[in-house]
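1. Prediction below, plus the sequence it came from.
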Amino acid sequence: MALQSSLEERLSPHKNRPDLERYAKEAVDLALKGQWQEAVAANRKILEKYPDDVETCNRLGRALTEIGEYDEARKT
C-alpha cells in the first residue's frame, strides 16, 4: 500500500500542493512567451516556498541558460 502511495505522489507531484501547480503554469507561460528574465524570477519565487521541487529547478536552469547565466544554471 505504501508503494502505491509513493508511486501516486510521483505521478501527481502537485497533488498536495495545488498552489504549486498554479505557480508552475505561470512560470511555464512566461518561458513560452520568451520572457526569460521573468521566468527566472517566477521560478526563484517558487523555490523559496518549495525548495525541493525538481521540476522548478529544471525550469530555472533552462531560463538561466536562455539569458546566458551558464554558471548559475549549473548550480541549480
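-> That came in fine, so what should we check first? Residues are numbered from 1 along each chain as shown.

2. Give me the helices and strands touching whichever strand or helix holds residue 19, please.
-> Residue 19 is located in helix 18-32, with elements delineated by DSSP states H and E. Judged by 3 or more CB pairs under 8 Å, 6 or more residues apart in numbering; DSSP states H and E, the packing partners of helix 18-32 are helix 36-49, helix 54-66. C-beta coordinates here come from the backbone N, C-alpha and C atoms, glycine included.

3. right, and those helices - which one's nearest residue 19?
-> Residue 19 lies closest to helix 36-49 among the helices and strands packed on helix 18-32, at 8.1 Å (CB to CB).

4. Which pLDDT value goes with the closest residue to residue 70 other than its chain neighbours?
-> With CB to CB, 6 or more residues apart in numbering as the criterion, residue 70 has its nearest non-adjacent residue at 7.5 Å, and that residue is residue 64. Residue 64 carries a pLDDT value of 98.

5. One more: residue 71?
-> Residue 71 is given a pLDDT of 96.

6. pretty sure residue 39 is touching residue 30, no?
-> Yes: Residue 39 is within contact range of residue 30, at 4.1 Å (criterion: CB atoms under 8 Å).

7. Pick out whichever of these two has more residues nearby.
-> A direct count of neighbours by other CB atoms under 10 Å for residue 39 and residue 30 places residue 39 higher, at 25 against 20.

8. contacting residues around that one?
-> 27, 30, 31, 59, 63, 66 (CB atoms under 8 Å, 6 or more residues apart in numbering).

9. switch the cut-off to 6 Å
-> By CB atoms under 6 Å, 6 or more residues apart in numbering, the contact set of residue 39 is 27, 30, 31, 63.

10. re earlier: how about JSON lines for the helices and strands packed on helix 18-32, with distance to residue 22 added?
-> Output for these, formatted as JSON lines (distance: least, CB to CB, whole Å):
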{"stretch": "helix 36-49", "distance to residue 22": "10"}
{"stretch": "helix 54-66", "distance to residue 22": "13"}
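
11. And those: which comes nearest residue 73?
-> helix 54-66 (3.8 Å).

12. Many thanks, we can stop here.
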